[in-house]
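Asker: what follows is a predicted protein model with its sequence.
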Amino acid sequence: MSRTFPTLACARAGRLAAFPSALLLVASLLAGCATPSKAPPAASKATQPAPDAATLRERHLAAANAAADQYRTCLYGHVARYVNLVPDPVRLADEAAVECAPITERFRRERQAAIVTYTTATDAAQQADAATATLQADGQRVARARATELRALQ
């Protein structure tokens with residue numbers, strides 16, 4: 001069996017035929033970018049009322065819950081990835097906590113922003129710190145247990 005390949009002349013001709021259409025496409029995109037689209041809706045934003053404290057609290061609590069879920073996912077993913085490389089479950093959970101620490105800061109900020117809507121800033125900071133410490137402790141406890149469980153399964 002012999003296989004035939006296109007000649008270089010045919011391949012070059014095909015590319016040259018596509019070149020003008022590609023230029024037209026780029027030119028139309030550039031022309032579309034140069035013309036302004038709709039005017040910014042600044043007037044409509046100014047007429048919207050500011051959200052009340054309950055709405056803000058709910059938004060911040062939802063963001064804090066999302067950060068807590070992301071933190072747990074980060075911990076458990078780290079443990080699952082490195083369970084074969086780090087034999088000590090405590091050390092593995094500690095490494096996972098260090099790796100996922102930036103997420104806990106976001107959790108703390110969102111939690112504090114939610115709490116400050118109904119209490120003083122000092123109380124909000126203390127409550128957010130306590131919630132963050134609880135999240136970290138629970139996360140490490142479960143990460144250690146998961147690391148021990150994964151090691152036992154091997």
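Answerer: Cool, the structure landed.
Asker: how about the top helix by length along the chain: buried residues?
Answerer: Identified as the longest helix of the chain according to DSSP state H is helix 121-153. Burial within helix 121-153, assessed by neighbour count using 16 or more other CB atoms under 10 Å, is assigned to 124-125, 127-128, 131-132, 135-136, 139-140, 143-144, 146-148, 150. C-beta coordinates here come from the backbone N, C-alpha and C atoms, glycine included.
Asker: quick one: secondary structure of residue 117?
Answerer: Here residue 117 is recorded as coil under DSSP: H, G, I helix; E, B strand; the rest coil.
Asker: what number of residues lie near residue 90?
Answerer: 13 (other CB atoms under 10 Å).
Asker: so what's it closest to, chain neighbours aside?
Answerer: residue 144 (5.9 Å; CB to CB, 6 or more residues apart in numbering).
Asker: grab the nearest non-local neighbour of residue 125.
Answerer: That would be residue 112: by CB to CB, 6+ apart, it lies 5.8 Å from residue 125.
Asker: which secondary element of this protein has the worst mean pLDDT?
Answerer: Lowest on mean pLDDT, DSSP states H and E among the helices and strands of the chain sits helix 8-34, with a mean of 49.
Asker: low-confidence regions, the chain specifically.
Answerer: 1-48 (pLDDT under 70).
Asker: and residue 98, how far from residue 136?
Answerer: Separation of residue 98 from residue 136 (CB to CB, to the nearest Å) stands at 11 Å.
Asker: how near is residue 92 to residue 86?
Answerer: Residue 92 is 4 Å from residue 86, by CB to CB.
Asker: which neighbours do those two share?
Answerer: Residues touching both residue 92 and residue 86 (CB atoms under 8 Å, 6 or more residues apart in numbering) are residue 147.
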